[in-house]
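1. Provided below for reference: sequence and predicted model.
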Amino acid sequence: MRSPRSLIPSVLLPRRAEQPYRLEEGGAINRLAPLPFTFDGTSYNGYQGDTLASALLANGVRLVARSFKYHRPRGIYSAGPEEPNALVELRSGGRHEPNTRATTIELFAGLEAKSQNRWPDLTLDVMQVNALLSPVFVAGFYYKTFMGLPGWRFYEHFIRKAAGMGIGTTLADPDSYDKMHAHCDVLVVGGGPAGIAAALAAGRSGARVTLLEESDALGGRLRSDRETLGGAPAMAWVRSAEEELDSLANVTVMTRTMGFGYYDGNVIAAVERVSDHLATPPAFAVRQRLWHFRTKRVVLATGATERPLVFANNDRPGVMLASAARSYVNRFAVQPGKRAVVFANNDDGYATALDLSRAGIAVHALVDSRPGGNPDLQVRAEAAGIECLTGSAVIGTRGYLALHSVDIAPISADGRSVTGNAFNLSCDLLAVSGGWSPNVHLHSHSGARPVYDPAIAGFVPGTPRQAERSAGAAAGSFALADCLRDGAAAGAEAAGLLGFDAKPIEAPVTELRGAKPLVALWQVPGSGKKFVDLQDDVTAGDVELAHREGYISVEHLKRYTTLGMGTDQGKTSNINGHAIMAEARGEPIEAVGTTTFRPPYNPVSFGPLGGRDIGRHFAPTRRSAMHDWHAENGAVFVEAGQWLRPQYYLRDGEENVKSDFDRAITREVTGTRAGVGMVDVSTLGKIDVQGKDAAEFLNRLYINGWKTLAVGRARYGIMLRDDGLVFDDGTTSRIGENHYFMTTTTANAGAVMSHMEEYLQIHWPELDVKIVSVTEQWAAMALAGPKSREVLAAAVEGLDVSNEALPFMGVRETTIAGAFARVFRISFSGELAYEINVPADYGRLVWERLMEAGAAHGIIPYGTEAMAIMRIEKGHVAGGELDGRTTADDLGLARMASSRKDYIGRHMMGREGLTDAARPKFVGLVPVDGKTRARAGSILVADPSTPPPVPKLGHVSSSAYLSPTLGHPISLGLVEGGMARAGETVWAMYPLRDEAVEVRIVDPVFYDKEGERLHA
Amino acid sequence: MPDSATPMPLRRSALAGALRPGDHGARDYRGPGLIIAERHPLSMVQIEVRPDGVQAMLDAAADALGLRPPESFNTSVGNGLPRILWTGPNRWLVVEPESRDLVAMLRDALAPTNAAVVNLGHARVSLRLSGREVRRVLMKAGPLDWHETAFTPDKCAQTALFHVSALIDCREESTFDVYVARGYAVSFLESVEQAAAEYGYRVG
């Protein structure tokens, strides 16, 4: 829904003061490159190097979202991919994208973003009424209240509308996407200090190394923290390391590339955001690329995510992660507030307070929940004029659209109760840190189980299940020196295991700090809404409710409360929620466990997953050698598997509408039956079979005998599957002493080839038989109709095609238009007919020569519709009958089966179920009213008014909605009793379309029952 | 097969009308990243022999072709006149520009070795892909390791490229001959062109 404000052109909107929260200096932004952008229709400026979130904060925009369920005002909470709140709709038109995280969107000139899940706008969201009703809107409320009541479908519409995320676009995406495959010896995921050290150590050994970094540059937390390495700013080390990596030919560094999934076979999937930082991709460039890395070793240096603290009203705009507050002041030179309070259960609070203070923010208090705090760091903080309150907690916040103060009180050593009076402290920024959780997502995807480490109160990687090792913060080592050491060791180990000579690298010297461990504080005492999962509006109370209602497993907790769902998949909320559940259960966290992470680590859009396999390129298409001729002559193509085949040919003035294509199909059938027609049959499978055991092999493949077939003759054959059901049919010709040419149906060409390969390679390797698919070598065309011999005679060079010289089932070699041609006198249409095969590059030449020779006889090209109608008229079986459920006997072909030899499927064909006399048998069907079609797939029943369950007599397998030869629709089918019921009527039911057609059972051969025409 | 003295009519490539000569896609000061050229008309003949006949066939083929087919899997030999590729156990493909009746010649020469000699000259379309970005384009096409240290000249492989079954022969560090079934030629060419557009490509 558009807000009234967004209807006003942006030039008319008031312009704000330029970036009032931007620091005068510092940060990794380019102040010489201002970038204009709009948010909810208002124009702002940011700088190159900003994210949308940092640019909004620089402009003093603090309210950016409304929460999922209660529509509570929300602000920017993080500075990274874990962002639960600041989801926006980005871009417009076909490029419109909902639910993107403002904290990871790189700012570009002209960026348009809109808040979502609010109406009419963020400050006046009418659905905030939900918040007043929040006492009843607890977890499971909707289902408990509305499910089972009449009209759930009616309520559901409004419930889903009231709660939700952004709205997608229905327009086509104008951008293109790629899929890429790459291999490497060592893949390092994560370009922070541990990942860089790993890539350096492995890269120097000569191993092929790829380093993936999700953001736009290497550095990880070093980009946001004031660390030093070897006495210089840490980013100087990052830059020199990057230069070295760039100089190594065996190392590839990919930024803006997120490893999002870890799959079997040590495959890592990643998405590269090639053009997301631009308004539109440059000409011919893709928007994003999906990568599949097939790797020998993986180093997971995926870092860690800071977690919130759970206290009353901890969701107001102005509350943010401490690490994010440091990112904004240090990396983006933005003050996320002017008056700050820092609240932590670990040492991070001190670094945060000092950084904020250095950035000119008045830090009103540092609240450390640990009873003694960290005295060493406290000295430093107090030297900077920051008051430290240890053994205390923020127990509530005030403000509505923005934070304006916090309530602070002393708490007990176990963190369960408030031990003194609260006081109120004014602030517009509250930076919180509940400790860090290693990003074990990819490790978990690989099938490994993370284990709980009480020292960091978080889950660390468990025993690897694939060739991987986690390093640095991802492995629970948070100190910079440890990250560097661990990363280098992991990189060297990975290369060493692959046989490369990896030497240890010298880690630069880091600043020493007196560290004190964190003290877990899962829930701050006090009453009010204490949000655990900000994105899904799940509170500590909801977790406790789930426990009371019996949903005590973490997996049930997730489904019941939606904890950990959504775009952030619980990055900031899972562990707090699970710990609160553990507390409610009275069990340790390790006993409660954690939910399983599944790919993707962060949301991946459908674009790169589809890549270029969309639209007409969803699957490759296959064209015959005569394709262009068909297209030039009015063919309308139909997909037959991957083949494009002419369905019928329209003439000038005809449109592709039923009346016109009915006329075309009728013209093609009657033209062929009365004179001569030609159809492209290049799609039939063709297999060259050679070797002295070729005849024996054919004898075992087909149910009929092959040893007596003479050179220059063709024979029709039926193959069974191992289980005795019919597999495929076709003609095979003997073209040399030990040389045969087999044809299969179009649909089964590949399957028959595989079947033959399997038997030759595995079951009968002793047979001297060599097979090769020659489907593509030969263009094939069928010339059919009473005039076909005259046309052929006019086209062949030096071949007698008389009935005596080339009898039915004869095969001859000749040339047509100078090209080698093999002529088979076989018929699918029931007419006198020939199939002509020529090397494919001569296909069009020979087709045109035959059309020219046939012009005097009114030759007509025909498509698959006319072909299918003619074969149904003739009662030939095809795909509808060879459907993997029928036996040779069902199809009236059992007499072909030889009793003097063994063949595939013979014994299984004799089993009880396949010889049951009640099996439906092949018949023809005609409508009793003479005009209504019985659709293929219809069920045959005795009486349409029988109440269910209705006994099934059989089904309609193929149907010609018009038979120009007979003047009424005809069908083929299988019915109990088969031809013994000839003359009886049954009903063809098609419940999907509510159709019931009374049909009479007749002989399946509707046309030329004696076969006089094909022998003519 | 007709007598090789009979002049054969002109062959029509599966890509007739689909190849648009010239430069397409992005422009780069270094020139197009990929060069696409059809190799046509080609003679392509598959030789398959029983395991016990391999050595005799290799000897006979070496005599007839002046080049011994490679015995190592996934390798190819020859300067193109002819080129012989290993395509499976006891199976090879001999390729050369069409100038003689290669099938008939090999049938005669290999007759004593009980080899099956099959003409696939019209069954495959061959594109020569070369240029600066050729390996990058192949990375979009299929899952093999296309790195220059892994897929070296005189190696060949069979895999799906853009979902089409293909035979790939590395001729030089930045030159590959790719063979696909004739019917897929147009669809395959379109996929190659799409993949190469961002680097610029020349159809020559």
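-> In hand now; what should we look at?
2. Mind listing what's buried along stretch A:250-263?
-> For stretch A:250-263, the neighbour count (16 or more other C-beta atoms under 10 Å in any protein chain shown) marks A:250-262 as buried. All C-beta atoms are positioned from the backbone trio N, CA, C, and that covers glycine.
3. Next step: those restricted to helices.
-> Counting by DSSP state H, no part of the buried residues of stretch A:250-263 is found in helices.
4. Which member of those residues is positioned nearest chain B?
-> residue A:250 (8.4 Å; C-beta to the nearest C-beta).
5. which phi and psi does the residue sitting furthest away from the middle of chain B have?
-> Farthest-out residue of chain B from its mean C-alpha position, per C-alpha atoms, centre = their mean: residue B:29, at 30.3 Å. With angles defined as degrees, to the nearest 10, residue B:29 sits at phi -60, psi -20.
6. Just the pLDDT for it.
-> Looking at residue B:29, its pLDDT is 95.
7. Next: residue B:102.
-> So residue B:102 comes in at 97 (pLDDT).
8. Next, count neighbours for it.
-> Other residues near residue B:102 number 23, with proximity taken as other C-beta atoms under 10 Å in any protein chain shown.
9. how close does it sit to residue A:36?
-> Residue B:102 sits 67 Å away from residue A:36, taking C-beta to C-beta, to the nearest Å as the criterion.
10. quick check, the helix or strand harbouring residue B:135 touching chain A?
-> Applying DSSP states H and E as the criterion places residue B:135 in helix B:134-141. Yes. Counting by C-beta under 8 Å from any C-beta of the partner chain, contacts between helix B:134-141 and chain A involve B:139-140.
11. Going by contacts, tell me the helices and strands next to that helix.
-> Contacts defined by 3 or more C-beta pairs under 8 Å, 6 or more residues apart in numbering or on different chains; DSSP states H and E place helix B:134-141 against strand A:177-189, strand B:175-181, helix B:185-196.
12. what about the next helix or strand after it, distance to the chain center?
-> Next helix or strand after helix B:134-141 toward the C-terminus (DSSP H and E): strand B:156-161. Strand B:156-161 has its C-alpha centroid displaced from the chain centroid by 11 Å (C-alpha atoms, centre = their mean, to the nearest Å).
13. and if you look at stretch A:189-204?
-> Taking C-alpha atoms, centre = their mean, one finds the center of stretch A:189-204 at 30 Å from the center of the full chain.
14. now do stretch A:563-581
-> 25 Å.
15. Now do it: distance from first to last residue.
-> One end of stretch A:563-581 to the other measures 11 Å (C-alpha to C-alpha, to the nearest Å).
16. can you check stretch A:892-910 too?
-> Stretch A:892-910: ends 15 Å apart by C-alpha to C-alpha.
17. Return the set of buried residues in the helix holding residue B:135.
-> B:134-141.
18. Quick one: distance of it to the chain centre.
-> Worked out by C-alpha atoms, centre = their mean, helix B:134-141 lies 17 Å from the chain centre.
19. Ok, stretch A:352-370 next?
-> On C-alpha atoms, centre = their mean, the centre of stretch A:352-370 falls 45 Å from the chain's centre.
20. Quick one: end-to-end length of it, please.
-> OK, stretch A:352-370 end separation, C-alpha to C-alpha: 16 Å.
21. quick one: average confidence on that stretch?
-> For stretch A:352-370, the mean pLDDT works out to 97.
22. OK, contacts around the residue nearest to residue B:161 when sequence neighbours are not counted?
-> Distances taken as C-beta to C-beta, 6 or more residues apart in numbering or on different chains place residue B:141 nearest to residue B:161, at 3.9 Å, with adjacent residues excluded. By C-beta atoms under 8 Å, 6 or more residues apart in numbering or on different chains, the contact set of residue B:141 is B:161-162, B:191-192, B:195.
23. and if we set it to 7 Å?
-> B:161-162, B:195 (C-beta atoms under 7 Å, 6 or more residues apart in numbering or on different chains).
24. Quick check, pLDDT for it.
-> 97.
25. One more: residue B:1?
-> pLDDT, read off for residue B:1, is 44.
26. what does residue B:8 give?
-> pLDDT, read off for residue B:8, is 79.
27. Around it, count how many other residues there are.
-> Neighbours of residue B:8 using other C-beta under 10 Å come to 17.
28. sec struct for it, please.
-> Per DSSP: H, G, I helix; E, B strand; the rest coil, the local secondary structure of residue B:8 is coil.
29. ditto for residue A:762
-> Of the three states, residue A:762 takes helix according to three-state DSSP.
30. quick one: it and residue A:754, what's the gap?
-> 11 Å.
31. same deal with residue A:40?
-> Using C-beta to C-beta, residue A:40 is found at 59 Å from residue A:754.
32. Those two: who's more crowded?
-> residue A:40 (21 against 11).
33. hmm, who's touching stretch B:76-84?
-> Contacts for stretch B:76-84 (C-beta under 7 Å, 6+ apart): B:65, B:67, B:69-70, B:85-86, B:92, B:94-96, B:154, B:156, B:169.
34. Which of those fall in strands?
-> B:85-86, B:92, B:94-96, B:156, B:169 (DSSP state E).
35. ok, these vs chain A, which is closest?
-> Proximity of the ones in strands among the contacts of stretch B:76-84 to chain A was ranked by C-beta to the nearest C-beta; the top entry is residue B:92 with 11.9 Å.
36. Mind listing the residues bridging to that closest one?
-> Beta bridges link residue B:92 to residue B:47, residue B:86, judged by DSSP bridges.
37. wait, it sits on residue B:44?
-> No. Look at residue B:92 against residue B:44 with C-beta atoms under 7 Å: they stay out of range, at 10.9 Å.
38. Among those two, which residue is more densely surrounded?
-> Remark: of residue B:92 and residue B:44, residue B:44 carries more neighbours, 26 against 23, as counted by other C-beta under 10 Å.
39. how about the more buried one, secondary structure?
-> Under three-state DSSP, residue B:44 comes out as strand.
40. ranges for the helices of the stretch 901-1016 of chain A?
-> Secondary structure of the stretch 901-1016 of chain A (DSSP state H, counting those that start in this stretch): helices at A:906-909, A:912-915, A:1012-1015.
41. Might you list the low-confidence residue ranges for chain B?
-> Within chain B, the ranges that satisfy pLDDT under 70 run B:1-7.
42. Enumerate every residue touching the residue nearest to residue A:341 when sequence neighbours are not counted.
-> With sequence-adjacent residues excluded and distances taken as C-beta to C-beta, 6+ apart, residue A:341 is closest to residue A:427, at 4.5 Å. Contacts for residue A:427 (C-beta under 7 Å, 6+ apart) come out as A:337, A:339-341, A:364, A:403, A:405-406.
43. rewinding a little: which one of the buried residues of stretch A:250-263 is nearest residue A:498?
-> Checking those against residue A:498 with C-beta to C-beta, the nearest one is residue A:250 at 12.2 Å.
44. need the contact list for the closest one.
-> A:203, A:206-209.
45. Serialize the residues you listed to a markdown table and add fields for neighbour count, pLDDT and distance to chain B.
-> Below are those laid out as a markdown table (neighbours: other C-beta atoms under 10 Å in any protein chain shown; pLDDT from 0 to 100; distance: C-beta to the nearest C-beta, whole Å):
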| residue | neighbour count | pLDDT | distance to chain B |
| --- | --- | --- | --- |
| A:203 | 31 | 97 | 15 |
| A:206 | 16 | 97 | 10 |
| A:207 | 27 | 97 | 11 |
| A:208 | 25 | 98 | 7 |
| A:209 | 31 | 98 | 12 |
